[in-house]
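Q: quick one, fold the following:
(one chain, ligands or ions: 2)
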Amino acid sequence: MPSNDVASQKWKVALVGSGNWGSAIARLVGKNIKERSDQFDPEVKMWCYEEDFEGRKLTEVINEKHENVKYLPGVDLGDNVVAEPDLAKAIEGANALIFVIPHQFIAKTCEQLEGKIPKGTHGISLIKGVDVKNGEIHIFSEVISEKLNIECAALSGANIANEVAQDSFSETTIGCRDIDVAKKWKALFETEKFRVAVSEDVVGVSLGGALKNVVAVAAGLIDGMQWGNNAKAAIMRIGLLEMKRFALEFFPGTQPDTFVQESAGIADLITSCLGGRNHKVAAAFVTKGKSFEDLEEEMLNGQKLQGVQTAKELYQFLKNRGREEAYPLFTFVYRVAYEGVKPDTITAHI
Ligand SMILES: NC(=O)C1=CN([C@@H]2O[C@H](COP(=O)(O)OP(=O)(O)OC[C@H]3O[C@@H](n4cnc5c(N)ncnc54)[C@H](O)[C@@H]3O)[C@@H](O)[C@H]2O)C=CC1
Ligand SMILES: O=C(CO)COP(=O)(O)O
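A: Numbering: from 1, shown residues only. Ligands and ions are numbered 1, 2, ... in the order given. The predicted structure is shown next:
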């Protein structure tokens, strides 16, 4: 469909994902589509990877209480957010799909959707991670776009889910090359307290979210060691430069300004280094001396860490190209998580 028809097209929205961020976004979108029913179908289906919750199906409990009792407890999702365990049913009839699952699950999930998405469907990826395979690296908007043969935008920013779910003020960035489609996504997500900026730099927006997770792990190590604020600020600065350098080296055409001007860049880096899950678990890695895997299990109640796995994927990609030494902070995080390098040796590495 030509993009100038998008403004008048009514969108039926479905979410592929229902974790901590997925549920917070479902609530926000659910409220907006009720108020903007001229532009959007007033119900949103949310695909849930089904599991048991206290002896019942999680989807049943969500639909009965209108609350994701496991991944976003205590928050009313609204009665127009409907949890659906069958992926094909969840997306049936939708012409706008929001992809919001931990990045390690996207390949399998897309496989189930291949060939089932009508032409002209719009997609947006809220996933923070990169896809590394066969020595190549891709952002998830591209992966989704290629696998499902649809256009796919990106949304990323300083958006700790629990804060967005409480309607605390946040900003975000939508990366989308088609201005009419971008406006429609903005209308879907924006509220007075959730401010949306639009950028054409889909790659920069996506990489900001993916790469900051690795820096947040490093910041968590610093806090675990109680090295103070100067040290953490240094990690953020060094990390931001590595993020920018990586983007420009491997994704030519990325706008360097995205990293310093957009919520998807520096603001996300800061909030994640102050209070994200990657930061929290990395601090515990130092204080408790357990593996990231065990700590994720113990501390996150089913939520998933993205930074440690991203560090591994970046390392594999960089090593393959002989470039790991050019990214000492990313490489250090990998070595701490997977090779037993001690966090307190950080200054000898970066
Ligand atoms: N939580 C947050 O504050 C934010 C998260 N993000 C990003 O959004 C993406 C999704 O994160 P969350 O919604 O927080 O997820 P989460 O961290 O809460 O992960 C749990 C979700 O993963 C699902 N899951 C578990 N095994 C699965 C499988 N085999 N296949 C498919 N799904 C499975 C669970 O059912 C649950 O819905 C991530 O890339 C994250 O970095 C972005 C902004 C904020
Ligand atoms: O992306 C986030 C905030 O914008 C959340 O980061 P964590 O996954 O580290 O909690």
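
Q: from D344, how far off is the residue of the chain found nearest ligand 2?
A: Of all residues in the chain, G276 sits closest to ligand 2, at 2.7 Å by CB to the nearest ligand atom. Heads up, the C-betas are built off the backbone N, CA and C, glycines and all. Computed as CB to CB, to the nearest Å, the G276 to D344 distance reads 22 Å.

Q: who's more crowded, these two?
A: Using other CB atoms under 10 Å, the more surrounded residue of G276 and D344 is G276, with 25 against 13.

Q: which stretches in the stretch 101-250 of the chain count as strands?
A: 122-125, 130-133, 136-139, 151-156, 170-175, 194-199 (DSSP state E, counting those that start in this stretch).

Q: ok, back up a step: what does the pLDDT read for the residue nearest to the residue of the chain closest to ligand 2 when sequence neighbours are not counted?
A: Counting by CB to CB, 6 or more residues apart in numbering, G276 lies nearest to A216, which is 5.2 Å off, once chain neighbours are set aside. In this model, A216 is scored at 98, pLDDT.

Q: quick check: residues of the stretch 51-200 of the chain near ligand 2?
A: Residues of the stretch 51-200 of the chain that fall close to ligand 2, judged by CB under 6 Å from any ligand atom: K128, A158, N159, I160.

Q: quick one, what contacts the last one?
A: With contact taken as CB atoms under 8 Å, 6 or more residues apart in numbering, I160 is in contact with S170, T271, S272, G275, G276.

Q: who are the contact partners of the residue nearest to G276?
A: By CB under 8 Å, 6+ apart, the neighbours of A216 are L269, S272, C273, G276, N278, H279, A282, G307.

Q: report the two of the residues you listed separated the most.
A: The span of these, defined through CB to CB, is set by L269 and A282 at 14.4 Å.

Q: thinking again about what came up before, so which of the contacts of I160 wins on neighbours?
A: Per-residue neighbour counts (other CB under 10 Å) across the contacts of I160 peak at S272, which has 27 neighbours.

Q: contacts only, for that residue.
A: The contact partners of S272, taken as CB under 8 Å, 6+ apart, are A158, I160, K212, N213, V215, A216, A219, N278, H279.

Q: who wins on neighbours among these?
A: Neighbour max across the contacts of S272 (other CB under 10 Å) = K212, 34 neighbours.

Q: test my guess that it contacts G239.
A: Yes. At 7.3 Å, K212 and G239 qualify as touching, with contact defined as CB atoms under 8 Å.

Q: which neighbours do those two share?
A: Counting by CB under 8 Å, 6+ apart, the shared contacts of K212 and G239 are L269, C273.

Q: give me phi/psi at the residue in the chain positioned nearest to ligand 1?
A: The minimum distance from the chain to ligand 1, using CB to the nearest ligand atom, falls at G19 (2.4 Å). In terms of degrees, to the nearest 10, the main-chain angles of G19 are phi -80, psi -150.

Q: ok, it touching Y71?
A: Yes. Assessed by CB under 8 Å, G19 is found in contact with Y71 at 4.8 Å.

Q: list residues touching both of the two?
A: G302, Q303.

Q: got the residues of this protein near ligand 1?
A: Residues of the chain lying near ligand 1 (CB under 6 Å from any ligand atom): 17-22, 49, 71, 100-103, 105, 109, 126-129, 159-161, 302-304, 306.

Q: of these, buried ones?
A: Buried members of those, scored by 16 or more other CB atoms under 10 Å, are 17-22, 49, 71, 100-103, 109, 126-129, 159-161, 303-304, 306.

Q: rewinding a little: so who does the residue of the chain closest to ligand 1 touch?
A: Residues near G19 by CB under 8 Å, 6+ apart: Y71, V100, I101, P102, G302, Q303, K304.

Q: which ones among those are found in helices?
A: Judged by DSSP state H, helices contain none of the contacts of G19.

Q: okay if I get those residues as TSV plus pLDDT?
A: Compiled in TSV, the contacts of G19 are given as follows (pLDDT from 0 to 100):
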residue	pLDDT
Y71	98
V100	98
I101	98
P102	98
G302	98
Q303	98
K304	98
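
Q: start and end of stretch 70-80, how far apart?
A: Using CA to CA, to the nearest Å, one end of stretch 70-80 lies 19 Å from the other.
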